[in-house]
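[1] Show me how the following folds:
(2 chains)
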Amino acid sequence: MDFHFTPQEEAFRQEVRSFLAEHLPPADDREPETLARWNRALAEKRWIGFSWPREEGGGGGTLIQQFILKEEMSKADAPPLGSDFMGLQWVGPALIRHGKEDQKRRFLPDILASRTLWCTGYSEPAVGSDLASLQTRAERDGEEYVLNGSKIWTSAAHHAKWIFLLCRTSPEKESRYHGITCLLVSMQSPGIEVQPILTLTGNHTFNQTFFNDVRVPVNNRLGQEGEGWKVVMGALANERSGISESTEMERELEALKQLARRSRSGGRPALEDPSVRSEIARFETWISAMRLNGMRYLTNQLRGGHPSSETSVNKLMRGRIEIPMMELATRLLGNGAQEGGSWQERALTFHGTVIGGGTPNIQRNIIAQRILGLPKD
Amino acid sequence: MNFGMTEEQDLLRSEVRKFLDEQSPMEEVRGAADTPEGFSRALWKQLSELGWVGLVTPEEYGGAGLGWDDLVVLLEETGRTLFPSPLLSCVMAGAAILDAGSEEQRRAWLPALADGSCIGTVAVLEEGDSLLPRDLRLRGEPDGDAVVLHGEKHFVAEAGEADLFVVAFRSGDADEALSLAVVEAHAEGVRSETGRSLDPTKRSGTLHLDGVRVGPDAILGSLGEAGPALALLLDRGAIATSAEMLGAAEGLHAMTVQYAKDRTQFGSPIGRYQGVKHPLAEGYVDLECMKSLLYYAAWALEASPEEVPLAASQAKAFASEAFSQMGITGIQLHGAIGYTQDSDVHLYLRRSKWARPAFGDEAYHYDRVATLGGI
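    Here you go, the predicted structure:
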């Protein structure tokens, strides 16, 4: 065990810090022009798509460099690296692995340059955790597919130029994972309708997106017909330790301590309430555990292992920590919490964070079945 | 950056595991726990000969000279099988003498502790069961260049079997005016007895000190100045105990997962039902966190001393809460068979109850985490 970094790694950290000193916009300025400037500066460093191979326009960053970059950005509460979150997270890596040359040339540069915005279509009204039972269908008609059905929880579909979606091209046979195909569909296509769904916070991030006889060129299929499941499940060797999430939570914890310092609980200063002290200490301990878990997983990846089901561990930890943390914050605010405000906003938002990417029960299934070897239910 | 075990550590783990699986299966554990001493002298001798009792004793004092990041691997394995032995106590006594003792004192006691011929332990707690310095009331009354001890130490591990006690006592009114000294069991005025223990694989008892005279050759460091050494010793205790807890929790979890695969009800292994598999998944998350916090604390002991107090408290607080919960869950997932003497589950439940308060429970350690974290 050794928690030190090599001189080269330290030099990279310094490079990131100098970049932040020069380019980090003020915390209260997230205007579109500001973010565009930020993204241009990042793109020049190839820090957008940093994990992608250099020949695909990415940064070719090593796992350790990715970790350092994410950690420093998170510590500084910097804006995201690139504006096309779904494009960078899902679409780009899938294109790099499964895309044809012309597909890569068409889509990757725009994702990296923040010129496009992707949304993803997985869930459907009747299909959530059990993704393989999806019903949206595409029928082949010459050089086109004709797409019918609807996708739900399509974040940013009302702004997106493209959607990366899974649909069924042949009926469910013995294996439910066959017959699913991945298509790249322009959101400008005739027959697409986007209806907003407000989240419980009142924000419009989600939508339901309808497809009525939407014609999609066969050339917009990613991977082979019927093999879409593989396209979505495979990912690049991204740094997926969850360490930067723990850095984010360390910042939340610091803010919670500040709140506790100026709050009262049960008629006395909150910090004199042993239950408040022990709760905060528990959060601090859990966040440490999460960061250290991430470092063990990263070490495993550095030694050639593949990140897989262990990411569910930190996802569950995040759920254990975030909601109770916000519960304590709203309790400390007392009746003041009725008035709304940033804590209240976050207290509500975290309920979504915990569900996104698979509910806690799904994460528990993954651990029980894939790691502990218990039978599928 | 590297947060993984070395090949040597993996090898140590597999050797210890093989030894314990072969030599100390659960029938042997139960048998040893039933003897008056509570452990097998024959196995203890083998353990010493393998170099594991003196694993962290420097080579010049007859040990293997390894670090605490290696020791936790050994303790994790002894915890996994609930191996009854005075290993943890001997390690603690040796660490106190190494940390606080003079060259002469180290040469006098460490070789015998390392080769297993002398059983050592530490005696800190008193009737009030508090680890806070201000609550240590036993006072060393000066008598020339010696001190005289009158009083009792409680919850002393291996009290009945120990040949040597490292005793903490007070040498002034300030909270931290504490001292450490070696008291041998055969000295005049020393008496000790084993008490009842909820966990048959662990022994502890009371040390009675009736006018025991401690000469300057047995006082570790200077009188009244052992506060920092005692604090470090308690952190070592928290870390060592967390290592045994992690191992025991892993043993219990593995046993319960196996049961969930084997036991069939309603036409299916019970591990197929989410009411069973989800608590087991949560247990896995707990084990992962226990490991990370523990290994980091052990690393800090070797490489980053200023981080030890926080890391030790986080590891022990988490382990105390998580292992206790796993003890409860373990019984419930086994159902009625878990509530019998025949099943080994209750031995793990008992161990969780022994280990939770040892070197501080979660209330103590979370409060310390809060203080160290600036609140």
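[2] C-alpha from now on. contacts and neighbour counts both.
    OK.
[3] Quick check: which ranges of the stretch 151-300 of chain A have low pLDDT?
    Within the stretch 151-300 of chain A, the stretches with pLDDT under 70 are A:172-174, A:234-239.
[4] Contact distance from chain B - what residues of it qualify?
    A:257, A:261, A:271, A:274, A:277-278, A:280-282, A:285-286, A:288-290, A:292-293, A:295-296, A:299-300 (CA under 8 Å from any CA of the partner chain).
[5] Generate a PyMOL selection restricted to the buried entries among those.
    Buried members of these, identified by 16 or more other CA atoms under 10 Å in any protein chain shown, are gathered into one PyMOL selection as follows:
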select buried, chain A and resi 257+271+277+278+280+281+282+285+286+288+289+290+292+293+295+296+299+300
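[6] Mark which of the residues of the stretch 151-300 of chain A next to chain B are part of helices, please.
    A:257, A:261, A:274, A:277-278, A:280-282, A:285-286, A:288-290, A:292-293, A:295-296, A:299-300 (DSSP state H).
[7] measure the residue with the largest distance to the centre of chain A to A:K257 for me?
    Among residues of chain A, the one most distant from the C-alpha centroid is A:G267; the distance is 41.0 Å, by CA atoms, centre = their mean. For A:G267, the distance to A:K257 (CA to CA, to the nearest Å) stands at 18 Å.
[8] Could you do A:Q89 as well?
    With CA to CA as the criterion, A:Q89 and A:K257 are 33 Å apart.
[9] now do A:E15
    In terms of CA to CA, A:E15 sits 31 Å off from A:K257.
[10] The residue in the stretch 51-200 of chain B positioned nearest to chain A: how many residues sit nearby?
    The stretch 51-200 of chain B approaches chain A most closely through B:D69 (8.3 Å), counting by CA to the nearest CA. When neighbours are defined as other CA atoms under 10 Å in any protein chain shown, B:D69 has 22 of them.
[11] thinking B:L71 is in contact with B:V56, fair?
    Yes. Checked against CA atoms under 8 Å, the pair B:L71 and B:V56 is within contact range at 6.8 Å.
[12] Residue 298: neighbouring residues, count only.
    In the absence of a named chain, this looks at chain A. Applying other CA under 10 Å, I find that A:L298 has 27 neighbouring residues.
[13] oops, chain B please
    Around B:A298 there are 26 other residues, counting by other CA under 10 Å.
[14] where does it land on pLDDT?
    Here the pLDDT value assigned to B:A298 is 98.
[15] Would you mark the buried spots in the strand or helix carrying it?
    Per DSSP states H and E, B:A298 falls inside helix B:274-303. Of the residues in helix B:274-303, those buried by neighbour count under the rule 16+ other CA under 10 Å are B:274, B:276-301, B:303.
[16] Stretch A:360-370 too?
    Buried-residue list, stretch A:360-370, by 16+ other CA under 10 Å: A:P360, A:I362, A:Q363, A:R364, A:N365, A:I366, A:I367, A:A368, A:Q369.
[17] how about the residue positioned nearest the centre of chain B, what does it touch?
    The centroid of chain B falls nearest to B:T241 when counting by CA atoms, centre = their mean (3.6 Å). By CA atoms under 8 Å, 6 or more residues apart in numbering or on different chains, the contact set of B:T241 is B:L88, B:K316, B:A355, B:A358, B:F359.
[18] Is there a neighbour count for B:E7? I'd like the number.
    Neighbours around B:E7, by other CA under 10 Å: 9.
[19] no, scratch that, I was asking about B:Q325
    If we define neighbours as other CA under 10 Å, then B:Q325 has 16 of them.
[20] roughly how far apart are it and A:R261?
    Applying CA to CA to B:Q325 and A:R261 gives a distance of 31 Å.
[21] A:S241 too?
    32 Å.
[22] How about A:Q103?
    With CA to CA as the criterion, A:Q103 and A:R261 are 55 Å apart.
[23] ok, now which ones touch residue 223?
    You didn't pick a chain, so chain A it is. A:H98, A:G99, A:T181, A:C182, A:V231.
[24] Correction: the question concerned chain B.
    B:S171, B:A177, B:L178, B:S179, B:L180.
[25] 10 Å instead, please
    B:L223 is in contact with B:140, B:142, B:146-147, B:169-172, B:177-181, B:216, counting by CA atoms under 10 Å, 6 or more residues apart in numbering or on different chains.
[26] same deal with B:R137?
    B:125-128, B:151-152, B:168-171, B:173, B:175, B:178.
[27] Name only those of the residues you listed that count as buried.
    B:L125, B:E126, B:G151, B:E152, B:A168, B:F169, B:R170, B:S171, B:D175, B:L178.
[28] With respect to B:Y259, which of these is nearest?
    B:L125 (39.2 Å; CA to CA).
[29] Distance-wise, check the residue farthest from the centre of chain A relative to B:G373.
    Distance from A:G267 to B:G373, by CA to CA: 23 Å.
[30] related to what we said a few turns ago, give me the subset of the buried residues of stretch A:360-370 that also touch chain B.
    Contacts with chain B within the buried residues of stretch A:360-370, as defined by CA under 10 Å from any CA of the partner chain: A:P360, A:I362, A:Q363, A:R364, A:N365, A:I366, A:I367, A:A368, A:Q369.
[31] can the residues you listed go into JSON lines with extra columns for secondary structure and pLDDT?
    Listed next are those as JSON lines, based on DSSP: H, G, I helix; E, B strand; the rest coil; pLDDT from 0 to 100:
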{"residue": "A:P360", "secondary structure": "helix", "pLDDT": "94"}
{"residue": "A:I362", "secondary structure": "helix", "pLDDT": "92"}
{"residue": "A:Q363", "secondary structure": "helix", "pLDDT": "93"}
{"residue": "A:R364", "secondary structure": "helix", "pLDDT": "96"}
{"residue": "A:N365", "secondary structure": "helix", "pLDDT": "95"}
{"residue": "A:I366", "secondary structure": "helix", "pLDDT": "93"}
{"residue": "A:I367", "secondary structure": "helix", "pLDDT": "95"}
{"residue": "A:A368", "secondary structure": "helix", "pLDDT": "97"}
{"residue": "A:Q369", "secondary structure": "helix", "pLDDT": "96"}
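[32] and the residue in the stretch 51-200 of chain A that chain B sits nearest to, how many residues sit next to it?
    Residue of the stretch 51-200 of chain A nearest chain B, by CA to the nearest CA: A:I64 (8.2 Å). A:I64: 18 surrounding residues under other CA under 10 Å.
[33] swap in B:V56?
    22.
[34] pretty sure B:M5 is in a strand, no?
    No. Assigned with DSSP: H, G, I helix; E, B strand; the rest coil, B:M5 falls outside any strand and is coil.
[35] What's the first helix or strand after whichever helix in chain B runs longest?
    Identified as the longest helix of chain B according to DSSP H is helix B:227-262. Sequence order places strand B:264-265 as the next helix or strand after helix B:227-262, per DSSP H and E.
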